[in-house]
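**Student:** compute the structure for the input listed below.
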Amino acid sequence: MIEIDRWQLLFVDDEQEALDLVKDILERETISGIGLQVETSSNLGDAINKLDRYKFDMIILDVKFGLDSAEGEDVGIKILEAIQKKYFIPVIFYTGLPSLVNDIETPLIRVVTKESDPTPLISAVKEIFSSRIPEVNRALMQHIQRVLRDYMWDFVAANWSKFCDTGDRTDLAYLLSRRLAISLSGPKIKQFCEDLGDDSIYFVEGDKKIHPMFYYIIPPIIDTPLCGDIFQGKIGDDEGFWILITPSCYIMQKKVSHVLLAKCELLKELKEYQDWTKTPTKSKEGELISLLNNNRKNGQPERHHYLPGALSIPDLIVDFLKVKIIPLEAVGTKDLPRLASLDSPFAESILARFSSYFGRIGTPDLDHNFLLEKFKSGPS
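**Tutor:** Model prediction:
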């Protein structure tokens, strides 16, 4: 589990009475049994300085300071802008003028009207913590610090003479960045999940079971469309979800002007799923599981490939018989936006599955009855 003595909050207001009152009220509260520590600030410069010096889990801001303030009126907005340039920290505007910031309210930028009853503010604080975003922030920072600490002390310090001999520090940056990336992928992510209190559902090492989110990078990181990218939109008269199955190397090396996309059908609309929901017998269950199983061992190339639902991606079945060829510049546009990218090795797997299915060669079956009769006198 992550190590938390107290959740750290910063409250910024130009009224000392409000600072003292909110600090006193919130420090009496607990979140999942953990207390709150509230730092206060009464001006823009001090607030920005504290943001740079300390790690906060949440910020509470007034919007307008007094007209005689040296910073001007919209101190809260300026602090929000400073936060968004450098950090991600959930924000609550606690103000007597909520109309000034209602248009920027989101689940992680809350607006609470300042009043004598502190209950709405306490509720907003608890709601943000219930989202687990502050906890994820803490767990991620602790995970990165742990990987960095262990790698630098156990490997880099012990082999420093080798790094000195190269005279090139980019090799160290490359090794460290790869170490961090691997520590947040595959089975190594289990430690990060355990820090959040989830010790089994993301990766079961014995059975090699994975959480659906292992499949995806949402949103895509690389600007160029690649094999395994998922799109939603209309191609010709056909609208729906699509997956790009042109090899990435051809796209990156600018060897193609057109790309191939396969249609992704909604699982809920397919016969196997609808039959199972209407009549959940063992045979119907077997037919559905057969459709979902991407690792069949019968050696036969398969027409379909299952993509699990996650966030904006519904449960999908890729149909390799339903393909479209379109210009490369048409993918990733407002008419056919990218939703996600398949992560490795799932992108490579779907390309291999398509290549196997598309390149299949059918041959007539041997007459097994004839062979059995023949074997009675011994095989040749």
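**Student:** skipping its backbone neighbours, what lies nearest Pro327 in space?
**Tutor:** His258 (5.6 Å; C-beta to C-beta, 6 or more residues apart in numbering). (Glycine included, C-beta is placed from N, CA and C.)
**Student:** where do the strands of the stretch 1-150 of the chain begin and end?
**Tutor:** For the stretch 1-150 of the chain, the strands defined by DSSP state E, counting those that start in this stretch cover 6-12, 30-31, 34-41, 58-61, 91-95, 109-113.
**Student:** and among the ones you listed, the most buried is which?
**Tutor:** strand 58-61 (a mean of 25; mean count of other C-beta atoms under 10 Å).
**Student:** geometric centre of this structure: which residue is closest?
**Tutor:** Ile218 (5.3 Å; C-alpha atoms, centre = their mean).
**Student:** from Asp319, how far off is that one?
**Tutor:** Noted for Ile218: a distance of 22 Å to Asp319, by C-beta to C-beta, to the nearest Å.
**Student:** just to revisit the earlier point, worst average pLDDT in the strands of the stretch 1-150 of the chain?
**Tutor:** Mean pLDDT is lowest for strand 30-31 among the strands of the stretch 1-150 of the chain, at a mean of 90.
**Student:** distance from the chain centre to it, please.
**Tutor:** 27 Å (C-alpha atoms, centre = their mean, to the nearest Å).
**Student:** that strand packs against which elements?
**Tutor:** With contacts defined as 3 or more C-beta pairs under 8 Å, 6 or more residues apart in numbering; DSSP states H and E, strand 30-31 has these neighbours: helix 119-130.
**Student:** domains for the chain, by residue range?
**Tutor:** Using automatic domain parsing, the domain ranges for the chain come out as 6-131, 137-210, 216-358.
**Student:** what's the first-to-last distance across the second one?
**Tutor:** Across domain 137-210, the straight-line distance between its terminal residues is 23 Å, by C-alpha to C-alpha, to the nearest Å.
**Student:** strands of the stretch 151-300 of the chain, start to end?
**Tutor:** 203-204, 209-210, 216-217, 229-235, 238-244, 258-266.
**Student:** ok, which stretches of the stretch 51-200 of the chain are helices?
**Tutor:** 75-86, 119-130, 133-151, 160-166, 170-183, 189-195 (DSSP state H, counting those that start in this stretch).
**Student:** with distance to Lys278, mean pLDDT and mean neighbour count as extra columns, can I get those helices in JSON lines?
**Tutor:** Converted to JSON lines, the helices of the stretch 51-200 of the chain look like this (distance: least, C-beta to C-beta, whole Å; pLDDT from 0 to 100; neighbours: other C-beta atoms under 10 Å):
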{"stretch": "helix 75-86", "distance to Lys278": "50", "mean pLDDT": "89", "mean neighbour count": "17"}
{"stretch": "helix 119-130", "distance to Lys278": "38", "mean pLDDT": "94", "mean neighbour count": "16"}
{"stretch": "helix 133-151", "distance to Lys278": "40", "mean pLDDT": "89", "mean neighbour count": "16"}
{"stretch": "helix 160-166", "distance to Lys278": "64", "mean pLDDT": "74", "mean neighbour count": "10"}
{"stretch": "helix 170-183", "distance to Lys278": "45", "mean pLDDT": "84", "mean neighbour count": "13"}
{"stretch": "helix 189-195", "distance to Lys278": "36", "mean pLDDT": "71", "mean neighbour count": "17"}
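**Student:** got these as TSV, with distance to Lys50 columns?
**Tutor:** What follows is the helices of the stretch 51-200 of the chain, written out as TSV (distance: least, C-beta to C-beta, whole Å):
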stretch	distance to Lys50
helix 75-86	10
helix 119-130	18
helix 133-151	17
helix 160-166	36
helix 170-183	28
helix 189-195	26
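**Student:** export the strands of the stretch 1-150 of the chain to JSON lines and tack on distance to Leu19?
**Tutor:** Shown next, in JSON lines, are those (distance: least, C-beta to C-beta, whole Å):
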{"stretch": "strand 6-12", "distance to Leu19": "6"}
{"stretch": "strand 30-31", "distance to Leu19": "21"}
{"stretch": "strand 34-41", "distance to Leu19": "4"}
{"stretch": "strand 58-61", "distance to Leu19": "10"}
{"stretch": "strand 91-95", "distance to Leu19": "11"}
{"stretch": "strand 109-113", "distance to Leu19": "16"}
